[in-house]
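Colleague: What would the 3D arrangement of this be:
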Amino acid sequence: MAKNDGGIVDTIKTVVYALLIAGVFRTLFFQPFWIPSESMKDTLLIGDFVFVNKMAYGYSKYSCPFSICPISGRILGSEPARGDVVVFRHPVNGSDFVKRLIGLPGDKVQIKGGIVFINGAEAPQVPDGQFEEIMGPQGPMGNRPRCENGAVGDGSICTRSRYRETLPNGVVHDVLNIEDNGYADNTDVFTVPEGEYFFMGDNRDNSQDSRFSQAIGGVGFVPAANLIGRADRIIFSSAGTSMLYFWTWRADRFFKAVE
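Modeller: Numbering: from 1, shown residues only. The predicted structure is shown next:
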């Protein structure tokens, strides 16, 4: 074999080994997740490609790569923290969802006038300007956003009021508002069962989350075994209907931490 041939073989081996290591790393520790809806704006936008830390809470039947995965519950990992952005399996339809963890087991959660109360303590919201985007089809599904400033035509500015919400454990994050006294802005008290969690979307008036029962297509309470992992970082983001349209890439969101 010629010297150059040996160099090519070494290069091929290096690439193969790198791909194998990346595959194992992905299987064991991380799972990519493509954001398909606007329920987590402006924390996560349609077209964000995030890495989910599967080890954050340990392995469950939905995240474990081995045959020893538990049928229920979890192995290893730490307890989820209020304010985490979590990817989980819907308890009924089996779809993957991403929402923010609001209520822990045993918590009493209620929404009054759009404000979250956890165990009677208010999670205060402070006005923080507006979130603006261009009205038009977004992502592969071509969904159009809901706007606080009414039904605007394609190419117009779609706005929503933005607030900084502080949870009882000190986690601060953005939430958006589309309408006052919306359908889920005032609720009864939810008592989170042991071993389950209560989730909400940051785009509060456009999220089918734990405020809605599973009987009507909502998330309801989510068992610990359904948690896949914590969304830690945005790796890539595209504002277009295809990730191949490089002119729609959002360079300012590459490798951005999820807060």
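
Colleague: Need the three-state assignment for A225.
Modeller: Three-state call for A225 (DSSP: H, G, I helix; E, B strand; the rest coil): helix.

Colleague: Please report the distance of it from V152.
Modeller: 42 Å (CB to CB, to the nearest Å). Every C-beta, even on glycine, is put in place using the N, C-alpha and C of the backbone.

Colleague: between these two, who's got more neighbours?
Modeller: A225 (20 against 15; other CB atoms under 10 Å).

Colleague: which residue ranges form the strands in the stretch 151-259 of the chain?
Modeller: 157-166, 172-177, 190-191, 196-200, 222-223, 227-237, 256-257 (DSSP state E, counting those that start in this stretch).

Colleague: Just send those back as TSV, with mean neighbour count too.
Modeller: Listed next are these as TSV, based on neighbours: other CB atoms under 10 Å:
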stretch	mean neighbour count
strand 157-166	18
strand 172-177	20
strand 190-191	16
strand 196-200	24
strand 222-223	20
strand 227-237	21
strand 256-257	12
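
Colleague: R250 is nearest to which of those strands?
Modeller: Shortest distance between R250 and those, using CB to CB, is found for strand 227-237: 4.1 Å.

Colleague: Name the residues that touch that closest one?
Modeller: 30-33, 44-45, 47-57, 60, 62-63, 74, 80, 84-89, 96, 98, 197, 243, 249-250, 253-258 (CB atoms under 8 Å, 6 or more residues apart in numbering).

Colleague: could you flag which of these are buried?
Modeller: Using 16 or more other CB atoms under 10 Å as the burial test, those include 30-31, 33, 44-45, 47-54, 56-57, 60, 62-63, 74, 80, 84-89, 96, 98, 197, 243, 249-250, 253, 258 as buried.

Colleague: Restricted to strands, list the residues you listed.
Modeller: Assigned to strands by DSSP state E, the following of these qualify: 30-31, 33, 48-53, 85-89, 96, 98, 197.

Colleague: wait, what's in contact with V175?
Modeller: Counted by CB under 8 Å, 6+ apart, V175 has contacts 125, 162-163, 165, 202-204.

Colleague: try 7 Å this time
Modeller: Going by CB atoms under 7 Å, 6 or more residues apart in numbering, V175 touches 125, 163, 165, 202, 204.

Colleague: ok, the residue nearest the centre of the chain to D232 distance?
Modeller: Centrality entry for the chain: nearest residue to the mean C-alpha point is V98, 3.1 Å, by CA atoms, centre = their mean. From V98 across to D232, the span is 12 Å (CB to CB).

Colleague: Then D185?
Modeller: Taken as CB to CB, the span from D185 to D232 is 30 Å.

Colleague: What's opposite F199 in the beta bridge?
Modeller: When bridges are called by DSSP bridges, F199 pairs up with L101.

Colleague: residues in contact with it?
Modeller: With CB under 7 Å, 6+ apart, F199 has these contacts: 86, 99-102, 209-210, 219, 222.

Colleague: try it again with 6 Å
Modeller: 99, 101, 209-210, 219 (CB atoms under 6 Å, 6 or more residues apart in numbering).

Colleague: Dump those residues into a markdown table; add distance to D180, neighbour count and pLDDT as well.
Modeller: Below are the contacts of F199 laid out as a markdown table (distance: CB to CB, whole Å; neighbours: other CB atoms under 10 Å; pLDDT from 0 to 100):
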| residue | distance to D180 | neighbour count | pLDDT |
| --- | --- | --- | --- |
| K99 | 22 | 25 | 98 |
| L101 | 25 | 23 | 98 |
| D209 | 19 | 20 | 96 |
| S210 | 21 | 27 | 97 |
| V219 | 23 | 27 | 95 |
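
Colleague: Out of the residues you listed, which is nearest to R146?
Modeller: Closest to R146, out of all of the contacts of F199 and judged by CB to CB, is D209, at 15.3 Å.
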